[in-house]
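**Student:** sequence and predicted structure are below.
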Amino acid sequence: MRYRHQVSLSSPAPSLTSAAVLRVCDWFAVHARELPWREDTATPWGILVSEIMLQQTPVVRVLPRWQDWMRRWPRPADLAAAPTAEVLRAWDRLGYPRRALRLQECARVIRDEHGGEVPATLEELRALPGIGEYTAAAVTAFAFGGRAAVADTNIRRVLVRAVLGQERPAPSYTARERAVVAATLPEDTSRSVLWNQAVMELGALVCTARSPQCGSCPLASACAWNRAGRPAASAETPRRVQRFEGTDRQMRGRIMARLRSAPQVPITMLLELDPADPARVRRCLGTLLADGLAERDGDLVSLPS
DNA sequence: AAGCCGGGGAC
DNA sequence: GTCCCAGGCTT
């Protein structure tokens, strides 16, 4: 285990009672949404694809893209062999298209180094492109039934409220939070898988960021934040939400949308995306070319072949 | 630890 | 207009 993951034994992390854990699992059995990547027929590959698509992207927007994607590329080898331009078009407007590039790289590594099968261990998953700490744990748990501490934005928020009594997590995943997530994870493996799913769903449906429905929460009586009167977060931890309007990120998105719409696009047409500032378009196009999201052939730009 | 990377819907 | 969404990668 790496040093920064170690927890001081002198201050054991607070946790939840086993009764509270059971209440959340019971709640999940009744209220869980029916999502296609949760069906018994879902493959590890399908679950991995869903996790990548769901990174910073709401479920409702992922659903149709995932269905099309899995119908088209049901196995890693199928995606590995696809033209990258088609992969990026299928990604459509899910956002952060570098995820689509990494997903295809991921498929190629799985084909070339794992015999075409999604690896089942945390370490092997974490080594795949586009798979970080969260996704490796999620695939371990949800695709292979392994015991792993899953910590997405929902689980972090629920546990920070219920255990630490704060309205919302810090911007970065702190060692303190990590200790709470680990301490709360049930020892029993199958119970841990259910727990991860249940807390995540609770955060998505009840313990939401904006208007938590504490009245119908199975943790209400155990929740430190609720018991304290749901105090607002201190102003010391500012939101630092990223601006979008007028940024390079927005322009990159506009360029990508234009590239998806035709086999090739003249640079002159791309420059018209911001007639007042063609230098900005050129700068953004440059970063897209550097990222491998676009290709240039003379005056023509296209998605990568 | 901080900054960057899309896009859309809820408020 | 603000905030949020099953995060990851680079510096």
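**Tutor:** Here it is on my side, so go on.
**Student:** quick one, what contacts the nearest residue to A:Ala32 once chain neighbours are set aside?
**Tutor:** Among residues not flanking A:Ala32 along the chain, A:Glu201 sits closest, at 5.6 Å (CB to CB, 6 or more residues apart in numbering). All C-beta atoms are positioned from the backbone trio N, CA, C, and that covers glycine. The contact partners of A:Glu201, taken as CB atoms under 8 Å, 6 or more residues apart in numbering, are A:28, A:31-33, A:154.
**Student:** how about the residues of the stretch 101-250 of chain A near DNA strand B?
**Tutor:** A:171-172, A:174, A:210-211, A:240, A:242, A:244, A:247-250 (CB under 7 Å from any atom of the strand).
**Student:** if you set the cut-off to 10 Å instead, what comes out?
**Tutor:** Residues of the stretch 101-250 of chain A found near DNA strand B (CB under 10 Å from any atom of the strand) are A:101, A:170-175, A:208, A:210-211, A:237, A:240-245, A:247-250.
**Student:** show the buried residues in those residues.
**Tutor:** A:Leu101 (16 or more other CB atoms under 10 Å).
**Student:** okay, strands next: where are they in chain A?
**Tutor:** A:265-266, A:295-297, A:300-302 (DSSP state E).
**Student:** of all residues in the stretch 51-200 of chain A, which one is closest to DNA strand B?
**Tutor:** Closest to DNA strand B within the stretch 51-200 of chain A is A:Gly95: 2.0 Å, counting by CB to the nearest atom of the strand.
**Student:** quick check: phi and psi at the closest residue to that residue other than its chain neighbours.
**Tutor:** Nearest residue to A:Gly95, sequence neighbours excluded (CB to CB, 6+ apart): A:Thr57, at 6.1 Å. For A:Thr57, the backbone dihedrals (degrees, to the nearest 10) come out as phi -140, psi 130.
**Student:** A:Thr57 and A:Leu94 touch, don't they?
**Tutor:** Yes - contact criterion CB atoms under 8 Å: A:Thr57 and A:Leu94 qualify, at 5.7 Å.
**Student:** higher neighbour count, those two?
**Tutor:** A:Leu94 (20 against 15; other CB atoms under 10 Å).
**Student:** residues in contact with the more buried one?
**Tutor:** Applying CB under 8 Å, 6+ apart to A:Leu94 gives the contacts A:53, A:57, A:61-62, A:65, A:100.
**Student:** any idea how far it is from A:Met53?
**Tutor:** The spacing between A:Leu94 and A:Met53, counted by CB to CB, to the nearest Å, is 6 Å.
**Student:** same deal with A:Arg108?
**Tutor:** 18 Å.
**Student:** those two: who's more crowded?
**Tutor:** A count of neighbours by other CB under 10 Å puts A:Met53 above the other of A:Arg108 and A:Met53, at 24 against 16.
**Student:** and for the residue of the stretch 51-200 of chain A closest to DNA strand B, the neighbour number?
**Tutor:** Residues lying near A:Gly95 (other CB under 10 Å) number 16.
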